[in-house]
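>>> Below are the sequence and a predicted model for it; my questions follow.
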Amino acid sequence: MPKLKTKSGVKKRFKLTATGLLKHGVAGKRHRLLHHNGKYIRQNRGTKVLSKADTATVKAWAPYGLG
């Protein structure tokens, strides 16, 4: 059986927590921030945990885990 490749974008964008959840950066924080209000910018600071439905998809893109 040949080895499966990990999608290179997944390696860069996601990290696994100790309990197996996936952390990700929040979208919409790169440029044109004048169009967002302060509440939006504050609440999307840092990282978030990916939803359960999306976690299964992302883990399929990284067949050997995110080490």
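Perfect, thanks for sending it.

>>> quick one: stretch 35-53 to chain centroid distance?
When distances are taken as CA atoms, centre = their mean, to the nearest Å, stretch 35-53 is centred 12 Å away from the chain's centroid.

>>> brain fart, stretch 16-30
4 Å.

>>> what comes up buried for that stretch?
For stretch 16-30, the neighbour count (16 or more other CB atoms under 10 Å) marks residue 22 as buried. Glycine gets a C-beta too; all of them are placed from N, C-alpha and C.

>>> what pLDDT does the residue lying closest to residue 50 once chain neighbours are set aside get?
In space, residue 50 comes closest to residue 22 once its chain neighbours are excluded; the distance is 4.1 Å by CB to CB, 6 or more residues apart in numbering. Residue 22 is assigned 96 on the pLDDT scale.

>>> Just list whatever residues bridge to residue 22.
residue 16 (DSSP bridges).

>>> got a list of what it touches?
14-16, 49-50, 54-55, 58-59, 66 (CB atoms under 8 Å, 6 or more residues apart in numbering).

>>> distance of it from residue 66?
8 Å (CB to CB, to the nearest Å).

>>> shared neighbours of these two, anything?
Common neighbours of residue 22 and residue 66 (CB under 8 Å, 6+ apart) are 14-16.

>>> Dump these to TSV, plus pLDDT and distance to residue 39.
Shown next, in TSV, are the shared contacts of residue 22 and residue 66 (pLDDT from 0 to 100; distance: CB to CB, whole Å):
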residue	pLDDT	distance to residue 39
14	96	26
15	96	26
16	94	30
